[in-house]
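**Student:** Sharing a sequence plus its predicted fold:
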Amino acid sequence: MTSATTQTGRLLLRDLMILTILICLFFTFMLGNRALSVPDEGRYVEIPREMVVTGDYLTPRLNGVKYFEKPVLFYWLEAFSIKLFGLDEFTLRLWPALFALFGCCTVAFAGGRLYGRLTGLLSAAVLATSILYYGFSRAIILDMPVSTLLTIALLFFLIGTREAVGPTRRLFLYGFYAFAALAVLAKGLIGIVIPGMVIFAWILLLNDWRILKTLYLSTGLALFLLIAAPWHILMQRANPEFFQFYFIHEHFQRYLTKIHSRYQPPWFFIPIVLFGMFPWSAFLFQAIKHSVPSTWRERHEHRDALFLMLWAGIVFLFFSASSSKLVPYILPVFPPLALLIGRYLAAAWDSRDFPGLRIGYSVYLVVALLLAAAFLALPFVWRSPDALVLGNYRFALGLVLAIGACISWALAYYRGFKQAFIALIVTSLLFLVTMNAAAPRIDTKSTRAMAAAIKERLKPGDEVASFQEYYQDLPVYLERRITVVDWGGELDFGRTVEDTRGWMTDGDTFWKRWEGPTTIYLLTEINAYESLLKSKTAPKMFPITRDQRNILVCNKEVKP
């Protein structure tokens, strides 16, 4: 190993250490400043909470009902946090934030290996400050973990193929198989389907089939199965209904049919990506143009960039073709796009008039000013109480965007790219932190306050129920299973494979119990409560408290 290589390695390690500290502070700042979001965060905390309580870490359960929609890795991680720190919003959100951090560090490392130190640093900065990536770094859902695991797997593969046959190549490629397996354990078959499609398309495009001989396929697949297979096998042995629901219903039917009622048009992810990459989407098309080879013969000289473009393009097309679309699905396109944008910005670093750079800043200025105007004009164009939910935060958000965009644009035109980039980064940081501070005002579906009202009255033997709704975060805050009345939803499958009638019940059965000796606290939507009051056989209910959506009642008069 030469002294130059050693020095480069030391610089890369130092950069990663500094990045880790800075991005960790950024991602964890005000991480616990809001209640659990409903339904996703409530669901993905309640399942591991029940694992900890029951000691069953094999079969996921939601409110005591078998829940086979997703695999188990993230539940295990959250269960580990719960055992260590308890049910605290900050520590519960640490895993998504850490995965987001790992994703940024991997992008920085890979960018440095592929294109140089500056590209790695800029790519990590782009990824960390993209709106959607930052937003999902603070959400207890499975998409950030699977996106990061796919990122590590695919970048390890790409870096590994650049190495000569030997220990280093073997290490990176075995890392690819291991992290692809972990991605399967995080969110299912996309953990291997997406890497498989990207790698196949890349080899096909380059017509480089000889590479297959140096991918350690037999031992690599053995490693993959050693990690990914055991839980699936044990689940099928313990739950004979697992295979049909998990693989057929949740993978193939979800993708090919509208069974989950999540259909969106094929263009759905276009605005999601453009807005989600903001402000860096202003440079996205220039970055892609910068990376596309000029001629077909030059494609081998751009093999790394082609891999990144195929990665982003195939993920985008794969999910766009699906009959089930949700915003977080598209998250795996952000790391390769960040690398492409970082590579373009690194090429422009010492230039005042790099092709497309000023156009990018002009696009950023126009979009930022439009968004700023939208924040400031919101109450005047949207005549609804919801338009005022941001309060004074809308002024802060609008001013940060407008002033920051103007400064960045002016610096790009009259000073240089470095100063403009710093201004843009600072603007993005201030905007995202301000939006995060405003988040508790936007997310109003939590039942945390209702749960607190119940807990201060709850006595041993009392029952807690929800009517015509399942509040995903209520069992978390109460730390107990609840009775669910006249509602099935995603719990319907579990009710068909075992007897849950004791707490998953119909209205006729429940209202008979309502008149019994047990004290029952019932949470329901205000509209459902008012409909009950209008019925001829209205049960006797004693209101305790309400918020803008729900009301808490009891079958007995209970003093605080």
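**Tutor:** Noted; the coordinates are in hand. Just so you know, these numbers come straight off a predicted model, no measurement behind them.
**Student:** For Leu19, report the pLDDT, please.
**Tutor:** Per-residue confidence (pLDDT) for Leu19: 91.
**Student:** you'd agree it is in a helix?
**Tutor:** Yes: assessed by DSSP: H, G, I helix; E, B strand; the rest coil, Leu19 belongs to a helix.
**Student:** Contact partners for it?
**Tutor:** Neighbouring residues of Leu19 by CB atoms under 8 Å, 6 or more residues apart in numbering: Cys104, Cys105, Ala108, Leu121, Ala124. Heads up, the C-betas are built off the backbone N, CA and C, glycines and all.
**Student:** Where do the strands of the stretch 451-560 of the chain begin and end?
**Tutor:** 463-467, 483-485, 504-505, 520-525, 542-546, 550-554 (DSSP state E, counting those that start in this stretch).
**Student:** Quick one, which of those gets closest to Ser37.
**Tutor:** Each of those has some distance to Ser37 by CB to CB; the shortest is strand 550-554, at 15.6 Å.
**Student:** Measure how the closest one sits relative to strand 542-546, angle-wise.
**Tutor:** Angle of strand 550-554 versus strand 542-546, following axes from the mean of the first three to the mean of the last three CA atoms, to 10 degrees, is 150 degrees.
**Student:** between strand 550-554 and strand 520-525, how many degrees?
**Tutor:** Using the same axes, to 10 degrees: strand 550-554 against strand 520-525 is 160 degrees.
**Student:** Go ahead and name everything in contact with strand 550-554.
**Tutor:** In contact with strand 550-554 (CB under 8 Å, 6+ apart) are residues 447, 450, 453-454, 457, 471, 519-526, 529, 541-546.
**Student:** Okay, now stretch 431-450: how far is its last residue from its first?
**Tutor:** 32 Å (CA to CA, to the nearest Å).
**Student:** Go through it and flag the buried ones.
**Tutor:** Burial within stretch 431-450, assessed by neighbour count using 16 or more other CB atoms under 10 Å, is assigned to 431-432, 434-439, 445-448, 450.
**Student:** Any stretches of the stretch 151-300 of the chain with poor pLDDT?
**Tutor:** Applying pLDDT under 70 to the stretch 151-300 of the chain flags residues 255, 257-262.
**Student:** actually the stretch 451-560 of the chain, not the one I typed
**Tutor:** 559-560.
**Student:** Break down it into its helices, ranges please.
**Tutor:** For the stretch 451-560 of the chain, the helices defined by DSSP state H, counting those that start in this stretch occupy 474-478, 492-497, 507-514, 526-534.
**Student:** name the helices or strands packed onto the second one?
**Tutor:** The contact analysis (3 or more CB pairs under 8 Å, 6 or more residues apart in numbering; DSSP states H and E) places helix 492-497 against strand 65-66.
**Student:** average pLDDT for the strand it packs on?
**Tutor:** For strand 65-66, the mean confidence score works out to 96.
**Student:** Which residues does the following helix or strand past that strand contact?
**Tutor:** The first helix or strand that comes after strand 65-66 along the chain, using DSSP states H and E, is helix 73-85. For helix 73-85, the external contacting residues (CB under 8 Å, 6+ apart) are 44-45, 47-49, 51-52, 57, 60, 91-92, 94-95, 140, 142, 145, 182, 185-186.
**Student:** how about Asn555, what does it touch?
**Tutor:** Contacts for Asn555 were tallied using CB under 8 Å, 6+ apart; they are Trp514, Glu515, Thr519, Ile520, Leu522, Pro539, Lys540, Met541, Phe542.
**Student:** and if we set it to 7 Å?
**Tutor:** Asn555 makes contact with Trp514, Thr519, Ile520, Lys540 under the criterion CB atoms under 7 Å, 6 or more residues apart in numbering.
**Student:** my guess is Ile272 contacts Ile330, does it?
**Tutor:** Yes: counting by CB atoms under 7 Å, Ile330 is a contact partner of Ile272 at 5.6 Å.
**Student:** you'd agree Pro355 is in a strand?
**Tutor:** No: if the criterion is three-state DSSP, then Pro355 is coil and not within a strand.
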